[in-house]
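A.B. asks: Requesting a structural model of the entry that follows:
(one chain, ligands or ions: 1)
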Amino acid sequence: MRKQIAAANWKMNLTLEQGETLIDEILSSPLNVNEDKLAVFAVPFPYLINVKNKLAVKKNVFAAAQNCYNKKSGAYTGEVSAEMLKSIGLQYVVLGHSERREYFNESNAMLAEKVNICFENGLQPIFCCGEPLSIREAGTQNSYVETQLKESLFHLTADQLKGFVIAYEPIWAIGTGKTASSDQAQEMHAHIRSVLAAQYGNAVADSISILYGGSVKAANAKEIFGKPDVDGGLVGGASLVAAEFTTIINSLK
Ligand code: PGA
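C.D. replies: Sure, this is the predicted structure:
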């Protein structure tokens, strides 16, 4: 069975103290996690070691970085390498979030390099894709997302893509309160899986977790995660509230 994942994306929010309180509150609630159902917390770089240590008391709950650089090491002031993340024992890195693509000009080609450097360091990317509103309105979202996947992932081998994690996040639904309907999510997730199957075969496509992101909250998580090709969520706003994110974790199927 492919993994079901509830991933928190704190973005640039919370102080360390607020973040630690939030984690403590979530960990003190009963969490329905196991080897096939994971909770992941993508937190700001300065908090990674603290959060990772806090989460170590519980199995199947992981810290993640929100980004890493596409170069191995060197004179890149202010950047963080995959090797550094590996050196603190991290396993997961969010790559290609739409905010990175939009505000920091991350291209599909640059993301292909980031994916490679993560693999070289044994890190599992949570690779984000998704279309802006104009593309959705033009009805060309399927080919748009397909291009994102092809240009950033399709140089990988089937072995590398086995068990990979993708997050589909329609940009028009991020932080807007406007969720894609569960049917819209399922439709795109099924499309993504069929594109992966055409290139890598059904076994690989079926092993890949495809998370939905965009205004997931406690009230809609169960319905969205209940769709057959939706394997959990990448959650921004609602992951900053303990009760919300706890319910979201416990909505994994
Ligand atoms: P949101 O953000 O849940 O606040 O819409 C999701 C994301 O950007 O990962």
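A.B. asks: what about residue 1, how many neighbours?
C.D. replies: 9 (other CB atoms under 10 Å). (Glycine included, C-beta is placed from N, CA and C.)
A.B. asks: Confirm for me that it is in contact with residue 34.
C.D. replies: No - counting by CB atoms under 8 Å, residue 1 does not reach residue 34; the two are 10.8 Å apart.
A.B. asks: who in the stretch 51-200 of the chain is up against the ligand?
C.D. replies: Contact residues (CB under 6 Å from any ligand atom) of the stretch 51-200 of the chain with the ligand: 169, 174-175.
A.B. asks: Any of those buried? List them.
C.D. replies: Buried members of those, scored by 16 or more other CB atoms under 10 Å, are 169, 174.
A.B. asks: Which of the residues of the stretch 51-200 of the chain next to the ligand sits closest to residue 201?
C.D. replies: Distances from residue 201 to these, taken as CB to CB, are shortest for residue 169 (25.8 Å).
A.B. asks: Now do the contacts for that closest one.
C.D. replies: By CB atoms under 8 Å, 6 or more residues apart in numbering, the residues touching residue 169 are 97-98, 128-130, 212-214, 234.
A.B. asks: ranking those by neighbours, who comes first?
C.D. replies: residue 212 (32 neighbours).
A.B. asks: Looking at the stretch 151-253 of the chain, which residue is nearest the ligand?
C.D. replies: The ligand sits closest to residue 236 of the stretch 151-253 of the chain, with a gap of 2.4 Å, by CB to the nearest ligand atom.
A.B. asks: Just give me the neighbour total for the residue of the stretch 1-150 of the chain found nearest the ligand.
C.D. replies: Of all residues in the stretch 1-150 of the chain, the one sitting closest to the ligand is residue 9 (4.1 Å; CB to the nearest ligand atom). For residue 9, the neighbour count with other CB under 10 Å is 27.
A.B. asks: next one: the one 5 residues further on
C.D. replies: The burial metric for residue 14, expressed as a neighbour count using other CB under 10 Å, is 16.
A.B. asks: Also residue 147?
C.D. replies: Residue 147 has 13 nearby residues by other CB under 10 Å.
A.B. asks: secondary structure class for residue 40?
C.D. replies: The three-state label given to residue 40 by DSSP: H, G, I helix; E, B strand; the rest coil is strand.
A.B. asks: Skipping adjacent residues, who's closest to it in space?
C.D. replies: Nearest residue to residue 40, sequence neighbours excluded (CB to CB, 6 or more residues apart in numbering): residue 7, at 4.1 Å.
A.B. asks: just residue 197 next, same as before
C.D. replies: Per CB to CB, 6+ apart, closest to residue 197 is residue 205, 3.7 Å.
A.B. asks: give me every residue that touches the one you found.
C.D. replies: Residues near residue 205 by CB under 8 Å, 6+ apart: 193-194, 196-197.
A.B. asks: now the residues of the stretch 51-200 of the chain next to the ligand in JSON lines, with pLDDT and secondary structure?
C.D. replies: Formatted as JSON lines, those follow (pLDDT from 0 to 100; DSSP: H, G, I helix; E, B strand; the rest coil):
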{"residue": "169", "pLDDT": "96", "secondary structure": "coil"}
{"residue": "174", "pLDDT": "86", "secondary structure": "coil"}
{"residue": "175", "pLDDT": "81", "secondary structure": "coil"}
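A.B. asks: Distance to residue 24 added to the residues of the stretch 51-200 of the chain next to the ligand, as CSV?
C.D. replies: Output for these, formatted as CSV (distance: CB to CB, whole Å):
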residue, distance to residue 24
169, 28
174, 27
175, 25
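A.B. asks: about what we covered before: derive a PyMOL selection command for the buried subset of the contacts of residue 205.
C.D. replies: Filtering the contacts of residue 205 down to the buried ones (16+ other CB under 10 Å) takes a single PyMOL command:
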select buried, resi 193+196
